[in-house]
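K.L.:
No sequence on hand, only this structure:
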């Protein structure tokens, strides 16, 4: 019952109801277990006191929100039904009576059944998370369609009524246009603050995150390291895709409406893949790009990032040299540079022609050489008709840039490329460092140096460089992809996937991002999704689509019938058809089959043939980055191989 002080102060709190005891409360009111005097039915009654507000206006807004919600509360089964509202201005409060949550306690000691109580036992099964997510998304969608927002979606505000999840604490509901009333709970609050449908979506994503992972909301986007061992890992990762988009820091990248969340959750519940749907949609951030993404770690096995010039009109000296005295040469170069910056692959061949035309008109004009360097090293975008980036082409480019502009940031990047071709990783890292000194405001230099650092076991240092890159060029896909690479080299595969997804959202045609996404899923043991991204990468890189789909369909059949071990055994049979090539792939197959010595034999064979390569790519440049070889780091033969390739000159002291 009410204490005597409360009874004296307000008299009869809620007409026709007997308040039995307090069962909850917050900053704006108290929730009581109430019994109807007429029927004896138990309800919940909330009393909101005027003295808890600074002035009358926010108190009045809360009451108006309840009035609006009462009219729609019984229109949808996922809403919490209100039965009566009223106010007592003389005593300074308003109240409302609503459905009572199921009892989580005993018959003698009622405790409201909330989602927080369930989460106290650990993570929920994906099927249960889908059920709860669909109900809450429906409730929020109905709320938003009526111009209201909740403002404090969290597990303790999700109650179960006859087993159905519903949003409680609807005293916080207010008009979606009213952004002045700031409420919410730390960790569930969107970066832009509460009071909008997108902020409710963000909070719902955090609720789903806690439910499906069992982790605290503040750990987002991290997922449990043991996830790969969970029998339902694939379903967890599908739900995580919904969570990642719901909780995207950018409102523009977040779900626009709860109906979209419902559609994706329905898709998962029906056994389909949200990830595949999203990749097919190829989300573009049109109109928001400052410049196109850089050529990335795809070139020279992921170590080098091509240099990108500053944008026109930017103050300070140009990072790619002055205009030509030949106006026509400048015009051709400007047109090509604009095409490259616009990241329109369909026009890259035309850009190549314009660069070469500019050079023919003025052989000493620096900027078209920088532009060609970008295209020559942009291996993660397939451009039919564009000449291949051979090792000799890259060497010639570096020599010409050094002759014309030895102190240019792009020149140092080109020299870093050549150093890697010569397997001089120490000089490559030195040149990348010199590039950042030559032009510290030039994003490409920092991204290039970061690529060296994470490949050679310096992830923290790489992350610092990429934070600079992100400030200088927030829309460049390669920066986000490289952030994913940093997480990958630290074996944080879920975090890597998070950054790869952002890179894909910016630029959906870069095959390298899809390749790395596939590798991250493979490392998690999720071969189904790994195959999907590998297939997309191959097609984006120019492989025949029909034949590629056939090959992956066959691989999926083997996986389905024979499991992971059977898949790798079948891979070995396929490699035996090509005795004089694919040595690195053979090593990967053998390491998955548990044959360490055989794997090392093939790695050594790959090492013997590296000097004869016409093209710059060599998977040996990923020996420290790739997770396949983690178990070999202390193996004498592997250490000897690292030393022969030059790794020991650049690895951190603890790894040498």
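P.N.:
Nice, I can see it. Just so we're clear, the structure is a prediction, and the values are computed from it rather than from any experiment.
K.L.:
What residues of stretch 339-358 count as buried?
P.N.:
In terms of neighbour count (16 or more other C-beta atoms under 10 Å), stretch 339-358 has its buried residues at 339-341, 343, 345, 347-349, 351-352, 354-358. Yep, even glycine has a C-beta here, placed from its N, CA and C like the rest.
K.L.:
can you tell me which two in the residues you listed are farthest apart?
P.N.:
Across those, the longest distance by C-beta to C-beta is 21.2 Å; it joins 343 and 357.
K.L.:
Now the nearest residue to residue 76 once chain neighbours are set aside: which helix or strand?
P.N.:
Distance criterion C-beta to C-beta, 6 or more residues apart in numbering; nearest residue to residue 76, sequence neighbours excluded, is residue 142 at 4.5 Å. Here residue 142 sits within helix 126-145, counting by DSSP states H and E.
K.L.:
How about residue 242?
P.N.:
Secondary structure from DSSP H and E places residue 242 in helix 233-246.
K.L.:
helices or strands up against that helix?
P.N.:
Other elements packing on helix 233-246 under the criterion 3 or more C-beta pairs under 8 Å, 6 or more residues apart in numbering; DSSP states H and E are helix 126-145, helix 197-213, helix 258-269, helix 274-281, helix 493-506, helix 527-540.
K.L.:
what's the weakest-modelled helix or strand in the protein?
P.N.:
helix 4-10 (a mean of 41; mean pLDDT, DSSP states H and E).
K.L.:
most packed of the helices and strands packed on helix 233-246?
P.N.:
Comparing the helices and strands packed on helix 233-246 by mean neighbour count (mean count of other C-beta atoms under 10 Å), helix 197-213 ranks first with a mean of 26.
K.L.:
and the angle for that one with helix 493-506?
P.N.:
Put simply, helix 197-213 runs at 150 degrees to helix 493-506, going by axes from the mean of the first three to the mean of the last three C-alpha atoms, to 10 degrees.
K.L.:
I'd like to know which elements helix 197-213 is packed against.
P.N.:
Here helix 197-213 touches helix 115-119, helix 126-145, strand 148-149, helix 233-246, helix 258-269, going by 3+ C-beta pairs under 8 Å, 6+ apart.
K.L.:
quick check: mean pLDDT across the second one?
P.N.:
Spelled out, it's helix 126-145. For helix 126-145, the mean pLDDT works out to 93.
K.L.:
Pull out the buried positions in the one helix or strand residue 32 maps to.
P.N.:
Assessed by DSSP H and E, residue 32 sits inside strand 29-36. Buried positions in strand 29-36, judged by neighbour count with 16+ other C-beta under 10 Å: 29, 30, 31, 32, 33, 34.
K.L.:
Need the three-state assignment for the closest residue to the fourth one other than its chain neighbours.
P.N.:
If I follow you right, that is residue 32. Nearest residue to residue 32, sequence neighbours excluded (C-beta to C-beta, 6+ apart): residue 19, at 4.4 Å. Three-state call for residue 19 (DSSP: H, G, I helix; E, B strand; the rest coil): strand.
K.L.:
Any idea what residue 19 is bridged to?
P.N.:
Using DSSP bridges, the beta-bridge partners of residue 19 come out as residue 34.
K.L.:
That one contacts residue 43, correct?
P.N.:
No. If you go by C-beta atoms under 8 Å, residue 19 and residue 43 don't touch, sitting 10.3 Å apart.
K.L.:
intersection of neighbour lists for those two?
P.N.:
Listed as contacting both residue 19 and residue 43 by C-beta atoms under 8 Å, 6 or more residues apart in numbering are residue 34.
K.L.:
and the one helix or strand residue 478 maps to, how far from the chain's centre?
P.N.:
Here residue 478, judged by DSSP H and E, is contained in helix 477-489. Centre-to-centre, helix 477-489 and its host chain are 10 Å apart (C-alpha atoms, centre = their mean, to the nearest Å).
K.L.:
Let me see the mean pLDDT of the strand holding residue 32.
P.N.:
For strand 29-36, mean pLDDT is 88.
K.L.:
any weak-confidence spans in the stretch 401-550 of the chain?
P.N.:
Applying pLDDT under 70 to the stretch 401-550 of the chain flags no residue at all.
K.L.:
Pull the distance from stretch 447-464 to the chain's centre.
P.N.:
With C-alpha atoms, centre = their mean as the basis, stretch 447-464 stands 19 Å off its chain's centre.
K.L.:
hey, where'd the strands end up in the chain?
P.N.:
17-26, 29-36, 42-49, 82-88, 93-98, 148-149, 158-161, 164-167, 174-175 (DSSP state E).
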